[in-house]
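A.B. asks: 3D, please:
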Amino acid sequence: MSKKDKDLFAPLKNLQFVDRDLVKPNDYNPNKVLEKNLQLLMESILNNGFCFPIVIRPDYTIIDGFHRWCVSGREPLKTMLGNKIPVVIVNHENASDDMAGTITFNRARGTHLLEPMEKIVQKLLNEGLSVDEISKKIGMSREEIFRLSKIDRDTFLDIINQRNSQQFSKAQSVRKCQ
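C.D. replies: Residues are numbered from 1 along each chain as shown. You can find the predicted model right below:
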């Protein structure tokens, strides 16, 4: 079959929800993720839902989505998902196509460009989010947020202190019911 005749929607037409324990990692994934990024991935799934299925071979070996598969086995996701995960099956002609798929899926995601990230951080600060809220929302350290904010150090520290004190002032005392 030529590329022109290939049904590019075929994998999505067969979206399935399978038991997570049936799926297994491949032995060649070159992509490594830090623990803090796995936490961010889990937070993303908790906030946005499981938006991207795991791509597998017919034998249930992962082509793409290893880290989504990893966090799907952690609580609270495992229980919330009922140990099920969304998968699409891709039937490549050979193992080298599977490996190429793994690499191209990861490389195609690209990297974040500096200027758009600066604008996002500045917009979130202008909307009144605290540095810690931004940190949690987009998975950046205070130092990264500082560099992207384009704000001088003293002003940035003032923002941290001011927004932290505002959060404390929002606190309410709670009395025990009798």
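A.B. asks: residue contacts, the residue minimising distance to the centre of the chain?
C.D. replies: Closest residue to the average C-alpha location of the chain: residue 41 at 3.2 Å, with Cα atoms, centre = their mean. Listed by Cβ atoms under 8 Å, 6 or more residues apart in numbering, the contact partners of residue 41 are 33, 67-68, 71. Placement of C-beta: from N, CA and C, glycine included.
A.B. asks: where does the chain dip in pLDDT?
C.D. replies: Scanning the chain for pLDDT under 70 picks out the ranges 1-3, 108-112, 164-178.
A.B. asks: can we see that at 80?
C.D. replies: Along the chain, segments meeting pLDDT under 80 span 1-5, 28-32, 94-96, 99-100, 102-113, 116, 137-139, 163-178.
A.B. asks: Quick one: the helices in it, in order.
C.D. replies: Taking DSSP state H as the criterion, the chain carries its helices at 10-13, 35-48, 66-72, 77-80, 95-108, 114-126, 131-138, 142-149, 153-169.
A.B. asks: Quick one: closest of those helices to residue 22.
C.D. replies: Smallest distance to residue 22 across the helices of the chain (Cβ to Cβ): 10.9 Å, for helix 66-72.
A.B. asks: quick one: contacts of the closest one?
C.D. replies: 20, 23, 25-26, 29, 31, 33, 37-38, 41-42, 45, 50, 52, 54, 62, 77-78, 81, 85.
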